[in-house]
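Undergrad: generate coordinates for the sequence data below:
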Amino acid sequence: MIQRQTRQKQIILEALPKLNHPTATAVYEYIHGEHPTVSRATVFRVLKQAEENGRIMRLSFAGGEDRFDHNPTPHYHVRCLRCGKVCDIRMPFLYGLEDEVEDACGFTLQSHDIEFKGVCPECRSAFSDKS
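TA: As a prediction, this is how the structure comes out:
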């Protein structure tokens, strides 16, 4: 199915690289001031469609809202446990890992996510400043 590239889609997708792994709500709030005709429902729908079409990546973290990454190629992320900031990790994606898990457990895997968690430099600095 061919989908049109509407102006609203373009506005929404162009916001992603400007924001740091935003939630759908953060994307809506970012663009709504300058483009008040773009509805919350449109933002959520466009992000869902773009993810389904492989144009963007959805990141699901336990206990938090899903976030979106403009880079759909497989890669890993680290999340700050204090402020929730998410950053890309520049390391090779472990493509053979699924085969090893399938061989060990018998599961048929579709993909894998590895979530690294820690404290970002800003939060670490703020915490040490209070001590």
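Undergrad: what lies in contact with the longest helix anywhere in the chain?
TA: If you go by DSSP state H, the chain has its longest helix at helix 40-52. In this structure, residues lying in contact with helix 40-52 by C-beta atoms under 8 Å, 6 or more residues apart in numbering are 3, 8-9, 12-13, 24-25, 27-28, 31, 56-58, 68. Where you see a C-beta, it was placed from the backbone N, CA and C, and this is true even at glycine.
Undergrad: quickly check the residues you listed for the two that are furthest apart.
TA: Greatest spatial distance in the contacts of helix 40-52: Gln3 and Thr25, 23.3 Å, computed using C-beta to C-beta.
Undergrad: picking that back up, buried ones in the longest helix of the chain?
TA: Burial within helix 40-52, assessed by neighbour count using 16 or more other C-beta atoms under 10 Å, is assigned to 42-43, 46-47, 50-51.
Undergrad: fine by me, we can end here.
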